[in-house]
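**Student:** with the sequence up front, the predicted model follows.
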Amino acid sequence: MEYVKNLKCTNCGKTYEAIPDKYLCDECGDKGILDVQYKYEKIKKEWSKEELDKNPEQSIWRYLPLIPIEKNSKRPKLRIGHTPLYHSKAMGEKLGLNNLVIKDDGLNPTGSLKDRASAIAAVKAREANAYTVACSSTGNAASSLAGNIAAMEEDMNAIIFVPERAPAGKVAQLLIYGAEVVSVQDSYEAAYYLSDDAIKKWGWYNRNAAINPYLVEGKKTAVLEMAEQLNWKMPDWVVFSVGDGCTIAGAYKGLYDLKQIGFTDRIPKLLGVQAEGCAPITKAFRTGNDLEVTDENTIADSIAVGSPRNFNKALNAVKNSDGEMVNVSDDSILKMMKSLGSTTGIFGEPAGVTGLAGIKKAVNKGIISRDESVAVVITGNGLKDTSNARKAAGDLIEIEADIDKLEQIFGDKGVI
Ligand SMILES: *Cc1c(COP(=O)(O)O)cnc(C)c1O
Ligand SMILES: [Zn+2]
């Protein structure tokens, strides 16, 4: 990896050689989350926006100098990333904003932003000469790992630990992609610890994003793309929903990288949004105290993480960007699913639209003002969780096949 300097402990600063299966700092244990360091000067010299313009690759791999994989490593045969960015005047107006852009990451191959990290996991696993990759997940990390492993077209296995509440659509995906699925009849936290024990016991490659330093480097490609799509003119705010905290940490990393190599001139403020029923990171942000483990009480299953492992990276990301954290209710999340869908044609899962619901709240609280430009990422596709979607969707017309009755009902409803 010609552009990677080393791995640096975010707790004590000790550095390590960037080998593919190095996860945590030897000195700091669980707290010793490592961060990939790049040779920014070298990247600056050897890479440019003009060079990027000429690159025909339409996926995350177009940003290879900022991705910690070997140039010639085998990659999954899926189009990861390159998701669309829409200027939405109508949605902006609804939220009280003059300038809103929406990036639909639900259009990744397995339907969520997690593909950006799972693609890296699949590549790093083979670099580490491993054939079995495991993770615990509320659903999307798992289904994306399973899909990306299948797309490696090698004799690889994904072993997945999900909590019992994982939505049916995500579990169906896992099985279709051929993963071995362990449904832990307990919380996400319990599923996490069981996966951790199993990974240590059998020596599998670890795709737990909070532990594996390479995965946030995949997640950051969402903002690399966003910046390029905005012609390197960064918005005032970039908004993400927050569960474990790796996504928003990755976003900060990407924004930081771009500034270091001179592609952009500033880092936008990050707005992190959690669900009221599970908001340990917002609480730590507000109080400045240590993180307290909370219940996982929200329909936004992908961000229902009561004991987030990467909260320090997430807190630093929001603070260093001079950003903010807010919480939103399940009710406002459901309403936002409908509002987004009916206004823009984008269908997000509950955690996928939580960022948008947070924008509404932040505008109402005066954190974001009308004239500030805002970019939000819809992180997951609504088709993954249709039972929650139906709660938000409203009623349909149920009748016999009779045109007179239809005319009657349409007349009453004012459709005709
Ligand atoms: C994983 C996920 C998030 C949040 O990412 P974290 O790294 O856990 O903070 C948000 N939305 C969706 C749809 C996700 O799958
Ligand atoms: Zn350390």
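**Tutor:** Perfect, I can see it now. Residues are numbered from 1 along each chain as shown. Ligands and ions are numbered 1, 2, ... in the order given.
**Student:** which residues touch the helix or strand of the chain at the bottom of the mean pLDDT ranking?
**Tutor:** Taking mean pLDDT, DSSP states H and E as the measure, the chain has helix 386-393 as its least confident helix or strand, at a mean of 86. With contacts defined as C-beta atoms under 8 Å, 6 or more residues apart in numbering, helix 386-393 is touched by Pro167, Ala168, Gly169, Ile299, Leu334, Lys335, Met337, Lys338, Phe347, Glu349, Pro350, Gly382. C-betas here are computed from N, CA, C, even on glycine.
**Student:** roughly how far apart are the last one and Glu57?
**Tutor:** To Glu57, Gly382 is 29 Å away according to C-beta to C-beta, to the nearest Å.
**Student:** now do the second one
**Tutor:** Counting by C-beta to C-beta, the gap from Ala168 to Glu57 is 35 Å.
**Student:** also the first one?
**Tutor:** Using C-beta to C-beta, we find Pro167 at a distance of 33 Å from Glu57.
**Student:** again with the fourth one
**Tutor:** Taking C-beta to C-beta as the measure, Ile299 and Glu57 are separated by 37 Å.
**Student:** more neighbours: these two, which one.
**Tutor:** Per other C-beta atoms under 10 Å, whichever of Ile299 and Glu57 has more neighbours is Ile299, with 22 against 12.
**Student:** who in the stretch 201-350 of the chain is up against ligand 1?
**Tutor:** Ala209, Ser241, Val242, Gly243, Asp244, Gly245, Cys246, Thr247, Ser302, Ile303, Val305, Glu349 (C-beta under 6 Å from any ligand atom).
**Student:** number of residues surrounding the first one?
**Tutor:** Going back to what we said before, that points to Ala209. Neighbours around Ala209, by other C-beta under 10 Å: 29.
**Student:** can I assume it sits in a strand?
**Tutor:** No - going by DSSP: H, G, I helix; E, B strand; the rest coil, the assignment for Ala209 is coil, not a strand.
**Student:** tell me the pLDDT at Arg165?
**Tutor:** In this model, Arg165 is scored at 82, pLDDT.
**Student:** excluding its backbone neighbours, what's nearest it?
**Tutor:** Counting by C-beta to C-beta, 6 or more residues apart in numbering, Arg165 lies nearest to Asp301, which is 6.1 Å off, once chain neighbours are set aside.
**Student:** so the one you found sits against Glu164, correct?
**Tutor:** No - contact criterion C-beta atoms under 8 Å: Asp301 and Glu164 do not qualify, at 11.0 Å.
**Student:** between those two, which one's more packed in?
**Tutor:** Asp301 (28 against 12).
**Student:** and the residue of the stretch 301-416 of the chain found nearest ligand 2, what does it touch?
**Tutor:** When scored by C-beta to the ion, the stretch 301-416 of the chain has Asn312 as its residue closest to ligand 2, at 11.9 Å. Going by C-beta under 8 Å, 6+ apart, Asn312 touches Thr10, Asn11, Lys31, Ile33.
**Student:** ok, now Ser369?
**Tutor:** So Ser369 contacts Val363 (C-beta under 8 Å, 6+ apart).
**Student:** could you rerun that using 6 Å?
**Tutor:** Taking C-beta atoms under 6 Å, 6 or more residues apart in numbering, we find Ser369 in contact with no residue.
**Student:** before we move on, what SS does it have?
**Tutor:** Three-state call for Ser369 (three-state DSSP): coil.
**Student:** just the pLDDT at it, thanks.
**Tutor:** 98.
**Student:** farthest-apart pair in the contacts of helix 386-393, please.
**Tutor:** Ala168 and Lys335 (23.0 Å; C-beta to C-beta).
**Student:** looking at these two, which has the bigger crowd around it?
**Tutor:** Lys335 (16 against 12).
**Student:** for that one, give its distance to Ile60.
**Tutor:** 32 Å.
**Student:** sorry, back to before: in JSON lines, list the contacts of Asn312 along with pLDDT.
**Tutor:** Compiled in JSON lines, the contacts of Asn312 are given as follows (pLDDT from 0 to 100):
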{"residue": "Thr10", "pLDDT": "90"}
{"residue": "Asn11", "pLDDT": "91"}
{"residue": "Lys31", "pLDDT": "85"}
{"residue": "Ile33", "pLDDT": "89"}
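**Student:** most neighbours among those residues, which one?
**Tutor:** Result: Ile33 is most packed of the contacts of Asn312 (other C-beta under 10 Å), 24 neighbours.
**Student:** hang on, the earlier thing: how about the least confident helix or strand of the chain, does it reach ligand 1?
**Tutor:** No - shown here: helix 386-393 not in contact with ligand 1 (C-beta under 6 Å from any ligand atom), separated by at least 12.3 Å.
**Student:** gap between that helix and the chain center?
**Tutor:** 22 Å (C-alpha atoms, centre = their mean, to the nearest Å).
**Student:** what segments of the stretch 51-200 of the chain are strands?
**Tutor:** Remark: strands assigned in the stretch 51-200 of the chain by DSSP state E, counting those that start in this stretch are 85-87, 99-104, 132-136, 157-163, 180-184.
**Student:** would you say Asn289 is within a helix?
**Tutor:** No - applying three-state DSSP, one finds Asn289 to be coil, outside a helix.
**Student:** got phi/psi on it?
**Tutor:** Here is the backbone geometry of Asn289 (degrees, to the nearest 10): phi -90, psi 170.
**Student:** what residues are up against it?
**Tutor:** Neighbouring residues of Asn289 by C-beta under 6 Å, 6+ apart: there are none.
**Student:** about what we covered before: out of the strands of the stretch 51-200 of the chain, flag the one nearest Ile199.
**Tutor:** strand 132-136 (5.2 Å).
**Student:** what strands line up against that closest one, and which way round?
**Tutor:** strand 157-163 (parallel), strand 205-206 (parallel) (DSSP bridges).
**Student:** ok, which of those comes nearest Gly218?
**Tutor:** So among these, strand 205-206 is nearest, using C-beta to C-beta, at 14.4 Å.
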